[in-house]
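Peer 1: fold the following and give me the result.
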Amino acid sequence: QVQLVESGGGLVQAGGSLSLSCATSGRTFSWYIMGWFRQAPGKERELVAAITSGGSTNYADSVKGRFTVSRDNAKNTVYLQMHSLKPEDTAVYYCAARLLTKNDYDYWGQGTQVTVSS
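Peer 2: A predicted model of the protein is given here:
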């Protein structure tokens, strides 16, 4: 089992920045690919960014150049830095973990609300 706890959400004006953190516990952090997802009201959950234990990353087109995902394997924590935020970035953000050998994310945090006002 892996436990995930997000923090850092909040309210910000368009053009502003926020940083999210996701602290993990329970299993060897480096075994897992970590992802950040978001879900806006009435929309499907989407993958925003992901990072392997070695630091390889991928991003949704909608956030490329604005968001940066990183991880600290010594602290068992993954981060999402968000800049140039837009109202359409408003959503509940979740961190999730999956083993390298799996396609699906098995472990999820409780989510943190990010609201971007225009």
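
Peer 1: please name the residues that touch the residue nearest the centre of the chain.
Peer 2: Centrality entry for the chain: nearest residue to the mean C-alpha point is Trp36, 2.4 Å, by C-alpha atoms, centre = their mean. The contact partners of Trp36, by C-beta atoms under 8 Å, 6 or more residues apart in numbering, come to 20, 22, 47-50, 69, 78, 80, 93-96. Every C-beta, even on glycine, is put in place using the N, C-alpha and C of the backbone.

Peer 1: let's verify it: helix, strand, or coil?
Peer 2: In three-state terms, and counting by DSSP: H, G, I helix; E, B strand; the rest coil, Trp36 is strand.

Peer 1: contact partners for Leu11?
Peer 2: Counting by C-beta under 8 Å, 6+ apart, Leu11 makes contact with 115-117.

Peer 1: quick check: bridge partners of it?
Peer 2: Thr115 (DSSP bridges).

Peer 1: that one and Arg27, how far apart?
Peer 2: Leu11 is 33 Å from Arg27, where distance means C-beta to C-beta, to the nearest Å.

Peer 1: pLDDT below threshold where in the chain?
Peer 2: Across the chain, nothing is flagged by pLDDT under 70.

Peer 1: for Cys95, give the beta-bridge partners.
Peer 2: Beta-bridge pairing for Cys95 (DSSP bridges): Trp36.

Peer 1: you'd agree it is up against Arg38?
Peer 2: No: counting by C-beta atoms under 8 Å, Cys95 does not reach Arg38; the two are 10.5 Å apart.

Peer 1: more crowded one of the two?
Peer 2: Cys95 (30 against 23; other C-beta atoms under 10 Å).

Peer 1: check contacts around the more buried one.
Peer 2: Contacts for Cys95 (C-beta under 8 Å, 6+ apart) come out as 4, 6, 20, 22, 34-37, 78, 80, 108-109.

Peer 1: residues near the spatially closest residue to Ala60 that is not a sequence neighbour, how many?
Peer 2: The shortest distance from Ala60 to any non-neighbouring residue, by C-beta to C-beta, 6 or more residues apart in numbering, is to Val48 (5.3 Å). By other C-beta under 10 Å, 24 other residues sit near Val48.
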